[in-house]
Each structure stands twice: as structure tokens, then as C-alpha cells.
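Novice: How does the following fold in three dimensions:
(one chain, ligands or ions: 1)
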Amino acid sequence: MAGKKANGSLVRRAVCPGSFDPVTNGHLDIISRAASLFDEVTVAVLINKKKSSLFTVAERIDMLRDATATFDNVVVDSFHGLLVDFCQERDISAIVKGLRAISDFDYELQMAQMNHGLTGVETLFVSTNPLYSYLSSSLVKEVATYGGDVRGLLPDDVLERMNAKLAESAGNSA
Ligand code: ADP
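Specialist: Next up, the predicted model:
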């Protein structure tokens, strides 16, 4: 619930939502910056049964927990349905998203306006670190599928788990 800090001020909570299939260094950059601005940050994995994914939700949560273990104000959770309902249930007042390129903007603006209209939740956009502006989970998976070197774009243990999964799915479809 709302919650106050020892000094009487309100606890400021934010959410970083996404598919995280799997988490990349671009996601981690946004999460770490949100963690420096808010008292508590929830990384929320979207459960979308209509979208096929490489990793299960439990696996994605597991990798995110490992990757964010060094932040003492970051927790990982999952949600389905409306993000605004998830925010209301947890007294989260802000959604933090990374804006990679102008192509992200149209959709994100529409979504931010809809969410604000629904419950008044704010959306804050963090400009992507240029090192990661071209990075998305789907592109990383595609490049790795064809043997491209994606080291440095995601945590080492996530890379290992992704390569193992891709080898497994290649084996299954052979
Ligand atoms: P993707 O599959 O495109 O990586 P996600 O749904 O997992 O997408 O991403 C969740 C959110 O993380 C996106 O809305 C975006 O705000 C942010 N994000 C994803 N990749 C990056 C990146 N390279 N740099 C900054 N933010 C990113």
C-alpha cells in the first residue's frame, strides 16, 4: 500500500514492463536508471499467451532476478491484463520505458496517453543509451539463431541460456 518513508515522505514506486524474452543490457540500462530515480522499481514480465516466446515466464523472471540482484530496490514480478490495474494494486505511480528510436514513439505515446486517461498513471520515457539503441530481444534472438556474435549485448549467463534454448529448438525442428 501507499507507504511512507521514515521521514514521512511517500514511497515512490515505478514499474518497468516488458516481455524480456530474454533480458538484454538495454533493458538493464533502463532498469538501473529507474532504480536511481525511484524508491522501489518492479520489473513486470507481461504474460501474453498469444505471443510465442523462447523462454517461459518463470525462466524470464529467474534471469531478471539474477541480473538485477545487485539492486536492493528492484523486484521482479509478472502480470497479465491491464498494466494500469497492476499499478493500482501495488500503488505504483509511474511506468518507466526506454525510447530507442522515433519508431518507438508513436505507439508509446498512444499507450502512455491511454494509460493516463484510464487511471492517471504517469509514463516516463528514458532515452536509450546509444550503445543499445539498436538492441531488442527479438533481434538478439534472430542474430544468435544464425550464429552471430551477440556477446556484450546481454548478461553472460543469459547468453548461455539463450544459446542452449536455441540449440534445443533447432534440434527439435531438425
Ligand atoms: P523488446 O522485445 O523490444 O526488447 P520488451 O517488451 O522486452 O521489448 O521491452 C520492454 C521495454 O524495455 C520496452 O518498452 C522499452 O521501453 C525497453 N527497451 C527494450 N530494449 C531497449 C533498449 N535497447 N534500450 C532501451 N530500452 C529498451
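Novice: okay, CA-based contacts and neighbour counts for the rest of this
Specialist: OK.
Novice: mind checking how far Asp157 is from the ligand?
Specialist: 17 Å (CA to the nearest ligand atom, to the nearest Å).
Novice: so who does Asn163 touch?
Specialist: Counting by CA atoms under 8 Å, 6 or more residues apart in numbering, Asn163 touches Ala144.
Novice: how about the strands in the chain?
Specialist: Applying DSSP state E to the chain gives strands spanning 13-18, 40-46, 74-79, 94-99, 122-127.
Novice: Same list (those) but as JSON lines, adding mean neighbour count, mean pLDDT and distance to Asp157.
Specialist: Listed next are the strands of the chain as JSON lines, based on neighbours: other CA atoms under 10 Å; pLDDT from 0 to 100; distance: least, CA to CA, whole Å:
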{"stretch": "strand 13-18", "mean neighbour count": "23", "mean pLDDT": "98", "distance to Asp157": "20"}
{"stretch": "strand 40-46", "mean neighbour count": "22", "mean pLDDT": "98", "distance to Asp157": "19"}
{"stretch": "strand 74-79", "mean neighbour count": "18", "mean pLDDT": "98", "distance to Asp157": "18"}
{"stretch": "strand 94-99", "mean neighbour count": "21", "mean pLDDT": "96", "distance to Asp157": "23"}
{"stretch": "strand 122-127", "mean neighbour count": "16", "mean pLDDT": "96", "distance to Asp157": "26"}
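Novice: What count of nearby residues applies to Thr24?
Specialist: By other CA atoms under 10 Å, 22 other residues sit near Thr24.
Novice: is it possible to export the strands of the chain to a markdown table including distance to the ligand?
Specialist: What follows is these, written out as a markdown table (distance: least, CA to the nearest ligand atom, whole Å):
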| stretch | distance to the ligand |
| --- | --- |
| strand 13-18 | 4 |
| strand 40-46 | 8 |
| strand 74-79 | 13 |
| strand 94-99 | 3 |
| strand 122-127 | 7 |
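Novice: Quick one: closest of the ones you listed to Asp106.
Specialist: Among the strands of the chain, the nearest to Asp106 by CA to CA is strand 94-99 (10.6 Å).
Novice: Which strands and helices lie in contact with that closest one?
Specialist: Applying 3 or more CA pairs under 8 Å, 6 or more residues apart in numbering; DSSP states H and E, we find strand 94-99 packed against strand 13-18, helix 25-37, strand 122-127.
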